[in-house]
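Colleague: Pasting the sequence and the predicted coordinates here, then a few questions.
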Amino acid sequence: MSKQNALLLVGSPRESKSTSDVVGSYLLKKLDERGWQTKKGYVGQLIKSEESRSILLDALDKTDLIILSSPLYIDSLPSNTIRALQVIKQHRRSCNNKPQRLVAIINSGFPEAEQNYTALQICRRFAIESGFEWLGGLPLGGGSGVDGKPLDKLGILFRKLIKSLNLSADAINKGELIPEKAIRLMKDYPIMWLYFNILQLGIKLLAKKGGVLDKIHDQPFKDLGW
Ligand SMILES: Cc1cc2nc3c(=O)[nH]c(=O)nc-3n(C[C@H](O)[C@H](O)[C@H](O)COP(=O)(O)O)c2cc1C
């Protein structure tokens, strides 16, 4: 049986230093370990000229699966990524393409994974309108916690994120949709708990520095009825 092909498109302008690259590359590596032929490209480089766009479309024609891994920008995707999706959609519509699948991973700065839902819906709509089979979307909150570092070197806090990607690779390899459990595990990523605790600690330290730590729970405007 011939090998299946996966193409990772990294939407972040931060390219190799990005969370999008680290998370997408981990999933790509897991598919490679399962016998897939894999390829990666940075969207910004792939759409900047006529020549690079033809490299993108050539890679697209050869692939069975696209993994789009992108940061969340203003509840949507970076402009380069939107442009790439437009180019891909136009190409898919103008030629009679083979069946191809799409999975999206969106990571945000804010810790709540739900921040990414609108952008994932945009990816889903893109998949439907371009004739891809939509395998599902993985929402990652607090993406800056990864910040370009290899996932397996980040320690126990990232265990659920890694498990989510392993489960996703298994499902993709079997031709299945991204399982609910993988989505749940990615949403459970504990950076949210850390984020709020560090934020609270920071506020308390600031209050202590300003000599108002004992007043931190005061509500001076409470009786004004606002
Ligand atoms: C222009 C811009 C817009 C952003 N908009 C959002 C946003 O709407 N919500 C959010 O949670 N994070 C937002 N972020 C933060 C990024 O999504 C976050 O830092 C992400 O982890 C970057 O991923 P990357 O390393 O893959 O580029 C924004 C960042 C930039 C630079």
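Modeller: Happy to help now that I have it. Note that the structure is predicted; figures quoted are calculated from it, not measured.
Colleague: From here on, just use CA atoms for contacts and neighbour counts.
Modeller: OK.
Colleague: Which elements pack onto the longest helix seen in the chain?
Modeller: Assignment by DSSP state H gives helix 191-209 as the longest helix of the chain. Taking 3 or more Cα pairs under 8 Å, 6 or more residues apart in numbering; DSSP states H and E as contact, there are no helices or strands that helix 191-209 lies on.
Colleague: Export that helix to PDB, keeping only CA atoms.
Modeller: Coordinates of each C-alpha in helix 191-209 appear next as PDB, following Å, rounded to 0.1, in the frame of the first residue of the first chain:
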ATOM      1  CA  ILE A 191      -1.800  26.600  31.800                       C
ATOM      2  CA  MET A 192      -5.200  28.300  32.500                       C
ATOM      3  CA  TRP A 193      -4.900  27.400  36.200                       C
ATOM      4  CA  LEU A 194      -1.300  28.600  36.200                       C
ATOM      5  CA  TYR A 195      -2.100  31.800  34.400                       C
ATOM      6  CA  PHE A 196      -4.800  32.800  36.900                       C
ATOM      7  CA  ASN A 197      -2.600  32.000  39.900                       C
ATOM      8  CA  ILE A 198       0.400  33.800  38.500                       C
ATOM      9  CA  LEU A 199      -1.800  36.800  37.600                       C
ATOM     10  CA  GLN A 200      -3.300  36.800  41.100                       C
ATOM     11  CA  LEU A 201       0.200  36.600  42.700                       C
ATOM     12  CA  GLY A 202       1.400  39.500  40.400                       C
ATOM     13  CA  ILE A 203      -1.500  41.600  41.500                       C
ATOM     14  CA  LYS A 204      -0.900  40.800  45.200                       C
ATOM     15  CA  LEU A 205       2.800  41.600  44.900                       C
ATOM     16  CA  LEU A 206       1.900  44.900  43.200                       C
ATOM     17  CA  ALA A 207      -0.600  45.700  46.000                       C
ATOM     18  CA  LYS A 208       2.000  44.900  48.700                       C
ATOM     19  CA  LYS A 209       4.600  47.100  47.000                       C
END
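Colleague: Now do it: everything it contacts.
Modeller: Helix 191-209 has contacts (Cα atoms under 8 Å, 6 or more residues apart in numbering) with 111-112, 141-142, 145, 157, 213, 216.
Colleague: Show me how far it is from its chain's centre.
Modeller: Centroid separation between helix 191-209 and its chain, computed with Cα atoms, centre = their mean, to the nearest Å, is 26 Å.
Colleague: what's the closest non-adjacent residue to Ala119?
Modeller: Leaving aside its sequence neighbours, Ala119 sits nearest to Ser76 (Cα to Cα, 6 or more residues apart in numbering; 4.7 Å).
Colleague: The one you found: how many residues sit nearby?
Modeller: For Ser76, the count of nearby residues is 21 (other Cα atoms under 10 Å).
Colleague: Same question for Gly148.
Modeller: When counting by other Cα under 10 Å, one arrives at 18 neighbours for Gly148.
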